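> Show me how the following folds:
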Amino acid sequence: MNTNWRIARKRSHLEARARIIQSIRAFFMERDFLEIETPHRIPANAPEPHIDAVPSGEWYLHTSPELCMKRMLAAGYDRLFQICRVWRGNERGSRHLPEFTMLEWYRARSNYEALMEDCEALISSLIPDGRILRGGERIDLSSPWERITVAEAFARHSPIPLEEALASDRFDEILVEKIEPGLGAGPVFLTEYPAGLAALARRKPGDPSVAERFELYIGGLELANAFSELTDADEQRERFGRDEAIRRAEGKIPCPTPEKFLTELVNMPPSAGIALGLDRLIMLLTGAGAIDEVAAFTPEDL
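Have a look, this model is predicted:
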């Protein structure tokens with residue numbers, strides 16, 4: 001008998017994982033979301049400076065199902081969710097896998113504040129007693145969860161002003177080293193990202209210097225990235241061009257422009273969408289110390 005004990009000892013976490021995924025599906029089905037499946041292999045991803053797509057022939061494995069899901073919103077679908085595998089090159093660590101599981105959901109005629117409410121309701125439904133233990137610290141998930149803007153977070157925790165961090169290209173460094181540890185155990189929504197970091201998010205009405213974007217943190221884990229969707233195709237094309245120029249200047253593999261997405265974007269109603277790392281959520285709910293513990297196979301196992 002030649003038992004692979006590295007895999008065998010994951011049984012309790014994998015059983016919990018299966019139950020959690022079943023509960024997530026039930027949560028969205030009860031709220032009239034349609035579960036969909038979109039292709040994993042696509043001609044173009046959204047060009048993002050810090051995310052590397054994995055080539056698959058002349059196309060790419062998707063880094064997120066977002067472009068196809070937004071095309072469905074543009075075609076008249078109102079509430080969508082998907083649980084799927086995604087791929088991102090050069091990502092490996094205690095909280096990262098190059099192939100991992102993403103939960104994404106989208107709401108037509110909605111905004112990012114509705115997604116914050118969804119997050120609270122979803123995670124609370126998975127933890128009926130409203131408390132979890134992470135790193136020896138008990139975390140209270142009672143509503144309402146804290147909301148703090150990026151500007152407020154930098155004013156509290158950064159050694160330099162936000163504007164200087166952006167101008168010196170140190171935003172991500174300070175976010176990881178100073179801001180995220182300063183947020184505490186959470187749960188907390190970090191909101192209103194600078195417009196230059198809007199990605200596919202729309203600018204906030206009344207304050208175009210920031211975008212209607214948030215990230216969710218619980219127990220020191222970044223779990224989700226969400227925003228009110230940008231529906232201006234011209235502005236989105238301009239952003240894609242700017243991000244692709246940054247990628248090429250850094251010597252990264254060129255990313256084609258997702259033309260069909262841009263063509264159909266004009267038909268998308270005001271909407272909001274969110275990507276939640278399911279493996280990290282399962283880490284949080286099971287008390288796992290590393291992402292390896294909640295995945296049946298890691299690259300090193302293959």
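> list the contacts for the closest residue in space to Val86 that isn't next to it in sequence?
Among residues not flanking Val86 along the chain, Met102 sits closest, at 4.8 Å (CB to CB, 6 or more residues apart in numbering). Heads up, the C-betas are built off the backbone N, CA and C, glycines and all. The neighbours of Met102, taking CB atoms under 8 Å, 6 or more residues apart in numbering as the test, are 64-65, 82-86, 275-278.
> Which helix or which strand is home to Met102?
Assigned by DSSP states H and E, Met102 falls within strand 99-108.
> That strand pairs with which strands, and in what direction?
strand 79-87 (antiparallel), strand 271-277 (antiparallel) (DSSP bridges).
> Just name the most buried of the ones you listed.
A comparison of the strands paired with strand 99-108 by mean neighbour count, using mean count of other CB atoms under 10 Å, puts strand 271-277 on top with a mean of 24.
> as a whole number, average confidence for that one?
Per-region confidence: strand 271-277 scores 98 on mean pLDDT.
> pull the CA atoms of that strand into PDB?
In PDB, the C-alpha atoms belonging to strand 271-277 read as follows (Å, rounded to 0.1, in the frame of the first residue of the first chain):
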ATOM      1  CA  SER A 271     -24.500  46.900 -13.000                       C
ATOM      2  CA  ALA A 272     -22.100  45.700 -10.300                       C
ATOM      3  CA  GLY A 273     -19.900  42.600 -10.200                       C
ATOM      4  CA  ILE A 274     -17.600  40.900  -7.700                       C
ATOM      5  CA  ALA A 275     -14.900  38.300  -7.800                       C
ATOM      6  CA  LEU A 276     -14.400  36.300  -4.500                       C
ATOM      7  CA  GLY A 277     -11.500  33.900  -4.100                       C
END
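> For whatever helix or strand comes next after that strand, C-alpha coordinates in PDB please.
Toward the C-terminus, strand 271-277 is succeeded by helix 278-286 as the next helix or strand (DSSP H and E). In PDB, the C-alpha atoms belonging to helix 278-286 read as follows (Å, rounded to 0.1, in the frame of the first residue of the first chain):
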ATOM      1  CA  LEU A 278     -13.300  30.700  -3.000                       C
ATOM      2  CA  ASP A 279     -10.100  28.900  -1.800                       C
ATOM      3  CA  ARG A 280      -9.300  31.800   0.500                       C
ATOM      4  CA  LEU A 281     -12.900  31.900   1.900                       C
ATOM      5  CA  ILE A 282     -12.600  28.100   2.600                       C
ATOM      6  CA  MET A 283      -9.300  28.800   4.400                       C
ATOM      7  CA  LEU A 284     -11.100  31.300   6.500                       C
ATOM      8  CA  LEU A 285     -14.000  29.100   7.300                       C
ATOM      9  CA  THR A 286     -11.900  26.000   8.100                       C
END
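> Against which helices or strands is helix 278-286 packed?
Applying 3 or more CB pairs under 8 Å, 6 or more residues apart in numbering; DSSP states H and E, we find helix 278-286 packed against helix 11-30, strand 99-108, strand 131-134, strand 221-228.
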